[in-house]
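Undergrad: Quick one: sequence and predicted model below, then my questions.
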Amino acid sequence: MIVAAMPVTPGSDGSAQIEGVGPAVIVGRVADLSDVPIEGADVNVSLIDPGDSSLRAYGHDATDGSGLYSVTFMDTWEIGDTILVVADDGVESGTNGSVLLDPNTYLVQYVNVTVGTAIPEFSDLGTALSVGGVLAMFMVVFSARRRKST
């Protein structure tokens, strides 16, 4: 249940900040690079004060058979807090984040996480340049040998 009455306090910059009264619910799905849900992944959710980067609140859950998690924060949040979600399946981990919106408007806030590391492909500029350099060196050596033999 969300309590509609929310006290307003001045922020560090003089603007009004709304303090949390009632729950802020963060839910999401954890999947691998092929979008297969990961069951049993450890999920750590942190709410970070954007003003001084201090940890405001922390919650933990494990994913179910559908890769879903849910963490509820009671009275320990402010609108605009940074949401940081880290999921770990025991082998690899993944991270995602968002900004906490008004729980009176967004009863549940979604932050999905993909676990794993992408394998570099030719579209990656660093890999393409490395492969291109090796190919160019091969062509130069092959051309030099070919000219020398004729």
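TA: Received, thanks. Please read all numbers here as calculations on a predicted model, not as lab measurements.
Undergrad: Going by C-alpha atoms from here, please, whenever you check contacts or count neighbours.
TA: OK.
Undergrad: Give the other helices and strands that the host helix or strand of Ile26 contacts.
TA: Element membership of Ile26 [criterion: DSSP states H and E] is strand 23-31. In terms of contacts (3 or more CA pairs under 8 Å, 6 or more residues apart in numbering; DSSP states H and E), strand 23-31 is packed against strand 68-74, strand 108-110, strand 113-114.
Undergrad: Just tell me which of those strands ends up closest to Gly97.
TA: Proximity to Gly97 (CA to CA) singles out strand 113-114 among the helices and strands packed on strand 23-31, at 8.7 Å.
Undergrad: mind listing what that closest one pairs with, with the direction of each?
TA: In the sheet, strand 113-114 lines up against strand 23-31 (parallel) (DSSP bridges).
Undergrad: returning to what we had before: what mean pLDDT does the strand holding Ile26 have?
TA: Per-region confidence: strand 23-31 scores 95 on mean pLDDT.
Undergrad: With stretch 78-89 instead?
TA: On average, the pLDDT along stretch 78-89 is 95.
Undergrad: Just the CA coordinates for it, please, in CSV.
TA: What follows is stretch 78-89, C-alpha atoms only, in CSV (Å, rounded to 0.1, in the frame of the first residue of the first chain):
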residue,chain,number,x,y,z
GLU,A,78,13.8,9.6,-1.9
ILE,A,79,12.5,10.3,-5.4
GLY,A,80,15.6,10.7,-7.6
ASP,A,81,17.7,8.1,-5.7
THR,A,82,20.0,6.1,-8.0
ILE,A,83,18.9,2.4,-8.2
LEU,A,84,21.9,0.1,-8.7
VAL,A,85,21.1,-3.6,-9.4
VAL,A,86,23.8,-6.2,-9.4
ALA,A,87,22.9,-9.8,-10.3
ASP,A,88,25.4,-12.8,-10.0
ASP,A,89,24.7,-16.3,-11.1
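Undergrad: ranges for the strands of this structure?
TA: Taking DSSP state E, the strands of the chain run over residues 8-10, 16-18, 23-31, 42-48, 55-62, 68-74, 82-88, 93-99, 108-110, 113-114.
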